[in-house]
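**Q** Structure for this input, please:
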Amino acid sequence: MEQVLLFIYDNREIITIVILSIFLGIEVIGSVPSVLHTPLMSGANAIHGVVIIGAIIVMGKAEPDNYIALVLGFFAVILGTLNVVGGFVVTDRMLEMFKKKKKTN
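**A** Sure, this is the predicted structure:
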């Protein structure tokens, strides 16, 4: 318990920023009209490229015998890549809806 309290005390600025970011995110998403939720989420999925870069950095700095960091990094790269690809697929599908249809005569 003492280690947890020490961790919280040492990282109180970061924890405060994360908590404020959560409340800000809820406010921003809550005020978006429902029509814009899909484009917003597809863009947010594409931003997960940052997760991929972070996971690659973690895997690169991990010790060769630290299997937990390597496995978690590997899964983060796989899941982040799936999320990025999904975001682009959804965005492409939505943009296709706004293109004019070709007339066949």
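**Q** and for stretch 47-54, what are the contacting residues?
**A** Contacts to stretch 47-54, defined as Cβ atoms under 8 Å, 6 or more residues apart in numbering, come from residues 76-77, 79-81, 83-84, 87. To be clear about C-beta, it is placed using only N, CA and C from the backbone, and glycine gets the same treatment.
**Q** Quick one, which of these are buried?
**A** Neighbour-count burial (16 or more other Cβ atoms under 10 Å) applied to the contacts of stretch 47-54 gives 76-77, 80, 83-84, 87.
**Q** In strands only, show me the residues you listed.
**A** In strands, judged by DSSP state E, none of these are found.
**Q** and which of those is nearest residue 41?
**A** Taking Cβ to Cβ as the measure, residue 41 sits nearest to residue 87 out of the buried ones among the contacts of stretch 47-54, at 7.8 Å.
**Q** For burial, what's the neighbour tally of the residue nearest to the closest one when sequence neighbours are not counted?
**A** Excluding the flanking residues, the one nearest residue 87 by Cβ to Cβ, 6 or more residues apart in numbering is residue 45, at 2.8 Å. Applying other Cβ atoms under 10 Å, we find 20 residues neighbouring residue 45.
**Q** now do residue 74
**A** 12.
**Q** re earlier: redo the buried ones among the contacts of stretch 47-54 as CSV? Include pLDDT and distance to residue 27.
**A** Listed next are these as CSV, based on pLDDT from 0 to 100; distance: Cβ to Cβ, whole Å:
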residue, pLDDT, distance to residue 27
76, 88, 28
77, 91, 31
80, 87, 26
83, 83, 23
84, 83, 26
87, 77, 22
